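K.L.:
Kindly return the folded structure for what I paste below:
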Amino acid sequence: MNSVPNITLNNGVQIPQLGFGVFQIKPEDTAAAVRTALDVGYRHIDTAEMYGNEREVGQAVRESGIPREDIFVTSKLNNGFHGYDTALKAFDQTLSDLGFERVDLFLIHWPLPTVGNFVDTWRAFERIYAEGRARSIGVSNFTEHHLRTLHSETEIPPAVNQIEAHPYLTQEALRGFDAQHGIATEAWSPIAQGLVLDDPTITAIAHAHDRSPAQVVLRWHVQLGNIVFPKSVTVDRVRENFALFDFELSSGDMAQISGLNRDQRTGPDPETFDYIPS
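P.N.:
Model prediction:
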């Protein structure tokens, strides 16, 4: 089994650098997918209230037989529950659905610029953290100015900023800002929903290393220091995505992949995205 390195967050909590994501996995398929990932060796699961599969993630963790403290579980606040009291209530529901006494990481899913109350939401997160019901707290899809607002108006810095990042959207400036302020960067959509896998530069590097394009891109993330959690319901793909720690990209490989940046998003722009589920 490959050994997945841990990254130490700014509060001392350790998070496995490679995890398993359950975005867009149907609830009825989630428990089996998570059990497969845990059997392969993953010890980090990333879910969210918005995904509708927290209950099944918790079920899979309990059925795995692996001690709860050995599995790092992240969830995220649904967009409809910004605000102090509503965030606290939503978090209670997350714990109930997962069947856990606490989560390892809880994130504000989106900053929601028009709603404009992520500061009050973050103060609820600070309470959750102080009560020990989340081992760490963070944000998702926050840009530099969102992070600066939190820094100036709240007490506890985010441990993590989970952002869209891949070779076509390297987010170099934002990752640098995160690092400067002790915030770990997590990359969602790490292979750009498959968009980068046919890129000639990536396929050539993959051929040279006798690896798949997905493995090369995920290894690029790892060497940049990003935390990644690819998603698949295919057993062979789940295993393949886990096999990242027995090869290394050269500095030239890394530069070529980073040079593919075109600031191209596959998901929404956090500066304008205000989706509130009904």
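K.L.:
Please enumerate the strands of this protein.
P.N.:
All strands of the chain, identified by DSSP state E, fall at 6-8, 14-16, 20-21, 44-46, 72-77, 105-108, 137-140, 160-164, 184-188, 227-228.
K.L.:
right, and the ones you listed - which one's nearest P268?
P.N.:
For these, the distance to P268 is smallest for strand 160-164, at 8.7 Å, taking Cβ to Cβ. Bear in mind the C-beta positions are built from the backbone N, C-alpha and C, glycine included.
K.L.:
helices or strands up against the closest one?
P.N.:
strand 105-108, strand 137-140, helix 172-180, strand 184-188 (3 or more Cβ pairs under 8 Å, 6 or more residues apart in numbering; DSSP states H and E).
K.L.:
Compile these into a markdown table and extend it with columns for distance to V40, mean pLDDT and mean neighbour count.
P.N.:
As requested, the helices and strands packed on strand 160-164 are arranged in a markdown table below (distance: least, Cβ to Cβ, whole Å; pLDDT from 0 to 100; neighbours: other Cβ atoms under 10 Å):
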| stretch | distance to V40 | mean pLDDT | mean neighbour count |
| --- | --- | --- | --- |
| strand 105-108 | 21 | 99 | 27 |
| strand 137-140 | 25 | 98 | 25 |
| helix 172-180 | 28 | 98 | 15 |
| strand 184-188 | 20 | 98 | 24 |
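K.L.:
Let me have the ones you listed in CSV, extended by distance to L244.
P.N.:
Below are the helices and strands packed on strand 160-164 laid out as CSV (distance: least, Cβ to Cβ, whole Å):
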stretch, distance to L244
strand 105-108, 21
strand 137-140, 23
helix 172-180, 19
strand 184-188, 13
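K.L.:
closest to A206 out of the strands of the chain?
P.N.:
With Cβ to Cβ as the criterion, A206 lies closest to strand 227-228 of the strands of the chain, at 16.7 Å.
K.L.:
buried set for stretch 224-233?
P.N.:
224, 226-233 (16 or more other Cβ atoms under 10 Å).
K.L.:
What residues does R43 make contact with?
P.N.:
R43 makes contact with 4, 16, 66, 70-72, according to Cβ atoms under 8 Å, 6 or more residues apart in numbering.
K.L.:
Out of the helices and strands packed on strand 160-164, which is closest to N78?
P.N.:
It's strand 105-108; of the helices and strands packed on strand 160-164, that one is closest to N78 (Cβ to Cβ) at 10.2 Å.
K.L.:
In the sheet, which strands lie alongside that closest one, parallel or antiparallel?
P.N.:
Using DSSP bridges, the strands paired with strand 105-108 are strand 72-77 (parallel), strand 137-140 (parallel).
K.L.:
Keeping just the C-alphas, turn it into CSV.
P.N.:
The C-alpha trace of strand 105-108 is given here as CSV (Å, rounded to 0.1, in the frame of the first residue of the first chain):
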residue,chain,number,x,y,z
LEU,A,105,-13.0,19.7,9.0
PHE,A,106,-16.1,21.9,8.3
LEU,A,107,-16.1,24.4,5.5
ILE,A,108,-18.1,27.4,4.3
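K.L.:
got a list of contacts for that strand?
P.N.:
13, 15, 48, 72-77, 82, 91, 94, 118, 121-122, 125, 128, 134-140, 142, 159-160, 162.
K.L.:
Who does L107 form a beta bridge with?
P.N.:
K76, G138.
K.L.:
Would you check that S3 makes contact with D246?
P.N.:
No. Contact criterion Cβ atoms under 8 Å: S3 and D246 do not qualify, at 9.3 Å.
K.L.:
Identify the contacts common to those two.
P.N.:
The contact sets of S3 and D246 do not overlap (Cβ under 8 Å, 6+ apart).
K.L.:
thinking again about what came up before, and the contacts of R43, which two are the farthest apart?
P.N.:
Among the contacts of R43, V4 and I66 lie farthest apart (Cβ to Cβ), at 14.1 Å.
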